[in-house]
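Enquirer: Quick one, structure for this:
(chains A and B, ligands or ions: 2)
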Amino acid sequence: MTVINIRGENVDQTWRDVEVAEETRSLDSVILSFASLKEHIETLDQKSLSRIGVRLTVNDEIGEIADHARHIGLIDLVFPNFKDGRPFSTAVTVRRDYGFSGDLRASGDILPDQALFLARCGFSTIVVPVQFPVKQFKTSLGAYTIAYQAAVDSNVSQVRDLRRSAVEVVAE
Amino acid sequence: MYVYDTIDKSLLNQRVAEFRDQVRRRLDGELTEDQFKPLRLMNGLYLQLHAYMLRVAIPYGALSSDQMRKLAYIAETYDRGYGHFTTRQNIQYNWIELSTAPDLLFDLSEIDLHAIQTSGNCIRNVTADPYAGAAADEVDDARVWSEIIRQWSTFHPEFSYLPRKFKFAVTGADADRAAIKFHDIGLKIIRSDTGELGFEVYVGGGQGRTPIVAPLINSFLPAKDLLRYLDAVLRIYNLHGRRDNIYKARIKILVKSLGVDSFTSQVDAEFERLDPALFVVEADEINRIRDMFSVPYLQADEDVKARLEERIEESPQMRRWSDSNTHAHKTPGYAIVTISLKPIGGIPGDATAEQMYAIADLADRFSLGEVRVTYTQNLVLPHVHQADLFVLWSELKRLDLATPNIGLATDIIACPGLDYCSLANARSIPISQRISERFSDLESQHDIGPLDIRISGCINACGHHHAGHIGILGVDKRGEERYQLTLGGQGNGESAVGKIVGPGFDEDGIVDAVETVISTYLSVRSTGELFSQTLERTGHAPFKERLYDSN
Ligand code: HEM
Ligand code: SF4
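Expert: Numbers count the residues shown, from 1 in each chain, chains lettered A, B, ... in the order given. Ligands and ions are numbered 1, 2, ... in the order given. Presented below is the predicted three-dimensional model:
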């Protein structure tokens, strides 16, 4: 499994999947299903939570653990198919509303051409589907250098910022 | 006109390069058709019955004369010498090769044109009042706000994989010339009692198999909150719109199933959560855009009307054209001129390369270099001095572009139908041509008065048949092309969905049926009563009787 960051670089894979966790206290760097995490969440302190990841399908409602979300180590949002854009909005919500600053991972059926949008919506890592070369993700991440609208990666419209600084240069 | 600065241009160039790479990967087999499809769709490239079709965006229906020339050049170079103006104020080319599509997009980009987001499940090209900036009844120029929405929605990272396509329409005028209530979001610019600029927001309108007139969900959205509010609506839709059934995926179904109140309160709650700072459009940016749309000061000319009247007296033909194809301009002495793309027996919305070149020249001579596209598939010269009307009319006549039928029976909207479209049940274009020929007599058209006849080749309703006074829908009945007739729809000013009158007709039958409907109207109308008013008074009954009671 290849995982890249939003600069297109490979990242070391320390996280591993656990289907059902009987005992979570001793677990480190595991990714649980949402159901499994919910079951244990009240017993976990912040520190143990920060070493645990959770995988959400589009049917899981992250709002159910809103109060804990920002302490989790990794949140993995799965695209059931690349046309289903819900994880983009969930990512924005997780970053903005829940203040999540850990690793926000995109996995599942993703096209290389979506990589920049993923980055802009606050994802920090991407699980590269086997059928695509990493190179294509890299190309997509660099396809556009600025954007019209603010997003998670930028609180301002870079386009309008540039316009303003161009005006200032002329004014000088 | 909005002109791209180096920043807009650099983004557009990056798009052209990206698309070139995507096409190369498809041709090299690196992408499957299923993977390529959403990518090409976001660049307006459809696979139709015979070839690829490319849909070029004409943002808010506004073109410069140079852009019109480029559209003519594209028709000549990449297509068979013509283009088709659509009800979404775009232009479509029907005979495109995949391998040269990247060159085509490069050519377009040289003049700030593109096919970005003209299809796919994303925020589509924004449509607007074609008279914006020229109309006398306008609160503000719809193009300014449409351009702000264009920029915000272009390559939107979060809202490019929505449950279904998403269409905006904006009007700044009192009369609705953009059918805003038949869009996913319709915006009407208004001023509050205190003079603050804002919007009425209508959400969840549409046509297709579930035609709905959009309900009002916000009666005054301050202009400063526009993008923040749109962001809230789109996020609620992206998260909660249905994705299991393509026919139930539009926002109209979400609004309907939640109920307007519940939907609105979800939007309001999301709006409250959002940080206003993220959505500010600075006053200097709004002014920058506004300045680009402003035209040179036009000198009011109160006397020209009388002089024009004298000329018109001499030519009944010219009078007819001036009555139906010109509209009041905000500056006395000027007129808004509609160029009819509905010659008798022609294909609605088609224009040849020669016509497009000529229209560009006429726009330079008579209309400050501006052309508009209407959703009724005609073109507009928005700023014509009335002293020029006679010459303009003569020139248009020479080009077969002066049919005096705007808003009348032969100003028919028709979708491409079975002649081009792979989803069609029946042909639309030949039906519209036959109806047009049947009512070719101008005298009687003017006698019949304002009448919208609209034809779609299937229930997707690209031809707006739901919103036609007389709507025609192509259906498939055991492999045969049949046509259903609806009456009472409205898409101009008022919005209403027409109702089916009775059993369908075959190709000959539907043309006769339209004639029967019109002759019934003529026999039952009261003096001065429009078709829609008569229908409202009488209901379907007298029409039904005449249509189905022939033996
Ligand atoms: C020939 C290829 C075309 C295809 C495959 C196509 C496909 C569709 C489909 C599937 C819908 C229904 C969408 C829905 O209800 O969710 C639709 C609606 C629509 N299309 Fe087309 N269309 C085509 C051409 C056109 C043309 C030429 C125009 C303009 C003249 C047009 C304008 C519209 C409009 C105005 C609607 C209805 C408004 C709405 O509810 O969105 N389409 N089209
Ligand atoms: S209404 Fe149907 S037949 Fe006509 S263009 Fe749309 S999809 Fe094709």
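Enquirer: so what's B:Lys188 up against?
Expert: B:Val170, B:Thr171, B:Gly172, B:Asp176, B:Ile180, B:Phe199, B:Glu200, B:Tyr202 (CB atoms under 8 Å, 6 or more residues apart in numbering or on different chains). C-beta: built from backbone N, CA, C; applies to glycine.
Enquirer: Flag every buried residue along the lengthiest helix in chain A.
Expert: Counting residues, the longest helix in chain A under DSSP state H turns out to be helix A:158-171. The neighbour-count check on helix A:158-171 (16 or more other CB atoms under 10 Å in any protein chain shown) flags A:Gln158, A:Val159, A:Arg160, A:Arg163, A:Arg164 as buried.
Enquirer: Most widely separated two among these?
Expert: Greatest spacing in those, by CB to CB: A:Gln158 and A:Arg164 (10.7 Å).
Enquirer: Backbone dihedrals for the residue in chain A that chain B sits nearest to, please?
Expert: When scored by CB to the nearest CB, chain A has A:Gly85 as its residue closest to chain B, at 2.8 Å. Torsion angles at A:Gly85 (phi, psi; degrees, to the nearest 10) stand at phi -90, psi 10.
Enquirer: so what's the closest residue to it other than its chain neighbours up against?
Expert: Once flanking residues are discounted, A:Gly85 sits nearest to B:Tyr161: 2.8 Å by CB to CB, 6 or more residues apart in numbering or on different chains. By CB under 8 Å, 6+ apart, the residues touching B:Tyr161 are A:Phe82, A:Lys83, A:Asp84, A:Gly85, A:Phe88, A:Gln114, B:Pro38, B:Asn121, B:Cys122.
Enquirer: now these as a markdown table including neighbour count and distance to ligand 1?
Expert: Below are the contacts of B:Tyr161 laid out as a markdown table (neighbours: other CB atoms under 10 Å in any protein chain shown; distance: CB to the nearest ligand atom, whole Å):
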| residue | neighbour count | distance to ligand 1 |
| --- | --- | --- |
| A:Phe82 | 17 | 20 |
| A:Lys83 | 17 | 14 |
| A:Asp84 | 19 | 17 |
| A:Gly85 | 26 | 16 |
| A:Phe88 | 30 | 21 |
| A:Gln114 | 25 | 22 |
| B:Pro38 | 19 | 14 |
| B:Asn121 | 24 | 9 |
| B:Cys122 | 23 | 13 |
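Enquirer: out of those, who's nearest ligand 2?
Expert: Among these, B:Asn121 lies closest to ligand 2 (CB to the nearest ligand atom), at 15.8 Å.
Enquirer: Touching, the closest one and B:Phe159? I think so.
Expert: No - judged on CB atoms under 8 Å, B:Asn121 makes no contact with B:Phe159 at a distance of 9.5 Å.
Enquirer: Which neighbours do these two have in common?
Expert: Among the neighbours of B:Asn121, those also in contact with B:Phe159 (CB under 8 Å, 6+ apart) are A:Gly85, B:Phe166.
Enquirer: my read is B:Glu313 is in a strand, agree?
Expert: No - read with DSSP: H, G, I helix; E, B strand; the rest coil, B:Glu313 is helix and lies in no strand.
Enquirer: So what's the residue count around B:Ser526?
Expert: B:Ser526 has 8 neighbours, counted by other CB atoms under 10 Å in any protein chain shown.
Enquirer: Distance check, it against ligand 1.
Expert: Applying CB to the nearest ligand atom, to the nearest Å, the value for B:Ser526 to ligand 1 is 34 Å.
Enquirer: Which residues are in contact with that residue?
Expert: B:Thr534, B:Arg537.
Enquirer: Then B:Ile455?
Expert: B:412-415, B:417, B:428, B:431-432, B:463, B:465, B:468, B:471-474.
Enquirer: For whichever strand or helix holds it, what is the distance to the chain centroid?
Expert: Using DSSP states H and E, B:Ile455 sits in strand B:453-456. On the basis of CA atoms, centre = their mean, to the nearest Å, the separation between the geometric centre of strand B:453-456 and that of its chain is 14 Å.
Enquirer: I figured B:Glu522 hits B:Ile448, correct?
Expert: One thing to correct before we go on: residue B:522 is Leu, not Glu. Yes - with contact defined as CB under 8 Å, B:Leu522 reaches B:Ile448; the gap is 6.9 Å.
Enquirer: Who has more neighbours out of those two?
Expert: Neighbour totals were compared for B:Leu522 and B:Ile448, and B:Ile448 leads with 20 against 14 (other CB under 10 Å).
Enquirer: ok, how many other residues are close to the closest residue to that one other than its chain neighbours?
Expert: Once flanking residues are discounted, B:Ile448 sits nearest to B:Ala409: 5.5 Å by CB to CB, 6+ apart. For B:Ala409, the neighbour count with other CB under 10 Å is 27.
Enquirer: Show me what the worst-scoring helix or strand of chain A on mean pLDDT is in contact with.
Expert: The helix or strand of chain A with the poorest confidence is helix A:158-171; it has a mean of 77 (mean pLDDT, DSSP states H and E). Helix A:158-171 is contacted from outside by A:146-148, B:5-8, B:11, B:151, B:281-282, B:284-285, B:288, using CB under 8 Å, 6+ apart.
Enquirer: Kindly indicate which of the residues you listed lies nearest ligand 1.
Expert: B:Gln151 (22.4 Å).
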